[in-house]
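S.K.: Build the 3D model from these lines:
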Amino acid sequence: MNPVSTVSGRAYPWGAKNVDTDVIIPAHWLKTITRTGLGRGAFETVRAQPDNVFDDPRYAGAPILIAGDNFGCGSSREHAAWALADMGIAAVIAPSFSDIFSGNAFKNGIIAVVLPQDAIDRLIEVARTDSVTIDLESMTVTTPFQDRFVFELDAFRRQCLIEGLDEVGLTLARDTAISKFEEAVAEHRPFLERESGYAGIAVEGVGRT
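M.R.: Numbers count the residues shown, from 1 in each chain. So this is what the prediction gives:
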């Protein structure tokens, strides 16, 4: 996961409410076992409509999506976060998120920013012509017009995003501590290793009969 402390640029001024994961990435795209290419299927039904915001050249490559209440509701498919990341979205701003989606977003390095509806309305207005900036250090969303909206984010998730640590990275970061613990266990409780080895032999013996 790449470290992220600031996301700045154009934003899709969408604002749609109750966008479920089937809208984000339709079910027929879930057959893939790779994350690459899912961005082509992101918001497929929305893109089928003329003059949709996602195909508007003014927002091409925008790293931010501004949405409405309950974004990411529906099924728990992680493909929704994969699709957003593959199309270049690094942050979503909305009044509320599905808990499962916000968790999947975090695990894939996407910032889920919660702001009240009046802030969303203002950001949608600004995004039609200008850029938006999200700063994880100051926990603010700002615009070139001196708008400044403060948001909250779980401290652990914030630090992981800034340092670029996913679950694997968190484990590897404690490699030294884990190794020392295992060495201490082997020294002070060697019978655990003997029991473990005996259990392994027993299982193998069962497997051979």
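
S.K.: going forward, measure contacts and count neighbours with C-alpha atoms only.
M.R.: OK.

S.K.: Phi first, then psi, for Arg128.
M.R.: phi -70, psi -20 (degrees, to the nearest 10).

S.K.: quick one, what contacts it?
M.R.: 11-13 (C-alpha atoms under 8 Å, 6 or more residues apart in numbering).

S.K.: How is the protein divided into domains?
M.R.: With domains defined by automatic domain parsing, the chain comprises 6-165, 174-208.

S.K.: weakest of these by average pLDDT?
M.R.: Within the domains of the chain, confidence is poorest for domain 174-208, with a mean of 60 (mean pLDDT).

S.K.: quick one: Ile124 and Val53 touch, right?
M.R.: No. Applying C-alpha atoms under 8 Å as the test, Ile124 and Val53 come out as separate, 11.7 Å apart.

S.K.: Quickly list what's touching both of those two.
M.R.: With C-alpha under 8 Å, 6+ apart as the test, Ile124 and Val53 both reach 12-14.

S.K.: List just the nearest of the contacts of Arg128 to Arg148.
M.R.: Ala11 (15.9 Å; C-alpha to C-alpha).

S.K.: any chance you could map the helices in this structure?
M.R.: 21-24, 44-47, 79-86, 99-107, 117-127, 155-163, 167-173, 175-188, 190-208 (DSSP state H).

S.K.: contact partners of the first one?
M.R.: The one in question is helix 21-24. Helix 21-24 is contacted by residues 42-46, 72-77, 80, 83-84 when judged by C-alpha under 8 Å, 6+ apart.

S.K.: try it again with 6 Å
M.R.: For helix 21-24, contacts defined as C-alpha atoms under 6 Å, 6 or more residues apart in numbering pick out 42-43, 72, 74, 80.

S.K.: could you measure Ala127 against Asp166, distance?
M.R.: Separation of Ala127 from Asp166 (C-alpha to C-alpha, to the nearest Å) stands at 30 Å.

S.K.: of these two, who's got more company?
M.R.: Taking neighbours as other C-alpha atoms under 10 Å, Ala127 and Asp166 compare with Ala127 leading, 22 against 19.

S.K.: and the more buried one, what does it touch?
M.R.: For Ala127, the contact set (C-alpha under 6 Å, 6+ apart) comprises 11, 13.
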